[in-house]
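Participant: Sequence first, predicted model second:
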Amino acid sequence: LRAFTNNNTSILELNEASDDWQETVVNGKWSKGTAGGCINYASWRNNPQIRMIPEEDGEIVLILEQDLSSENSNPMSIGFYVISKPSDNERIWNMEPSDIIQKAAFRKNTVNLCRMNVKKGMEYNIIPCAFSPWDEGSFKFHAYGFKQKIILKRLHRTKQDRRLRVKGKWDENSAGGCMANTSWPKNPHLLLDVRDKPVQM
């Protein structure tokens, strides 16, 4: 249980009154390359992802807290999505709205939270994000389990994941526009060669 006040209330006193709730915290950051925005943007895949593993069945509380440093004193609109762990990869690369088990609707606030029921033996992926992909900042993600510890683990991109990313550039010699323009062949061209079994991309 956490309390946010504008006075000097001691958080230690509040925690001592709720020892049944066990807290786990991970730190993260939205920056260039990891600020993907909400699922309205294809870049949502760039967001940090967190694996969550409950020890028991029961209700938990999840809280996303953004860091309001001197460089970023105004709160961004933040939220997060919870889905089941994918079977074919550590990180989530494809997601439909129907895949979302729980979410915290985006709010322009320092913290955002939701409650959900979890099952022992299930693993979940959490995607904390700012609403817009150009919003950058640091955050903490808290999980509170009632008489149980919730395992949280940051999921890092694998070498294979990184190989799927190609950097490019449009300049005066390579900016051709869409196919409605006769100059479209000037655009960068990429060759996708799939040498393994068919996969979804």
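Facilitator: Done, it's in. Numbers count the residues shown, from 1 in each chain.
Participant: how close does the closest residue to Pro185 other than its chain neighbours get to His189?
Facilitator: Closest residue in space to Pro185, ignoring its immediate chain neighbours: Gly176 at 6.2 Å, by C-beta to C-beta, 6 or more residues apart in numbering. The way it works is simple: take the backbone N, C-alpha and C, and place the C-beta from them, glycine included. Distance, Gly176 to His189, using C-beta to C-beta, to the nearest Å: 10 Å.
Participant: who's more crowded, these two?
Facilitator: The neighbour comparison of Gly176 against His189 (other C-beta atoms under 10 Å) goes to Gly176, with 15 against 8.
Participant: hang on, that one is in a strand, isn't it?
Facilitator: No. Under DSSP: H, G, I helix; E, B strand; the rest coil, Gly176 sits outside any strand and is assigned coil.
Participant: Now do the contacts for it.
Facilitator: By C-beta atoms under 8 Å, 6 or more residues apart in numbering, the contact list for Gly176 reads Ser183, Trp184, Pro185, Lys186, Asn187.
Participant: Then Gln22?
Facilitator: Tyr144, Gly145, Lys147, Gln148, Lys149, Ile150.
Participant: What's the per-residue pLDDT of it here?
Facilitator: On pLDDT, Gln22 comes in at 91.
Participant: right, and the helix or strand after the strand or helix carrying it?
Facilitator: For Gln22, the element it lies in under DSSP states H and E is strand 21-30. Next along the chain after strand 21-30, taking DSSP H and E as the criterion, comes strand 49-54.
Participant: average pLDDT across that next one?
Facilitator: The pLDDT scores in strand 49-54 average 96.
Participant: got the CA positions of the next helix-or-strand element following it in PDB?
Facilitator: For strand 49-54, the following helix or strand on the C-terminal side (DSSP H and E) is strand 58-66. Written as PDB, here are the backbone C-alpha positions of strand 58-66 (Å, rounded to 0.1, in the frame of the first residue of the first chain):
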ATOM      1  CA  GLY A  58      -4.900 -14.000  -5.800                       C
ATOM      2  CA  GLU A  59      -5.400 -10.300  -6.300                       C
ATOM      3  CA  ILE A  60      -2.400  -8.000  -6.900                       C
ATOM      4  CA  VAL A  61      -1.900  -4.300  -7.400                       C
ATOM      5  CA  LEU A  62       0.300  -2.900 -10.200                       C
ATOM      6  CA  ILE A  63       1.600   0.600 -10.100                       C
ATOM      7  CA  LEU A  64       3.500   2.600 -12.800                       C
ATOM      8  CA  GLU A  65       5.300   5.600 -11.400                       C
ATOM      9  CA  GLN A  66       7.100   8.100 -13.500                       C
END
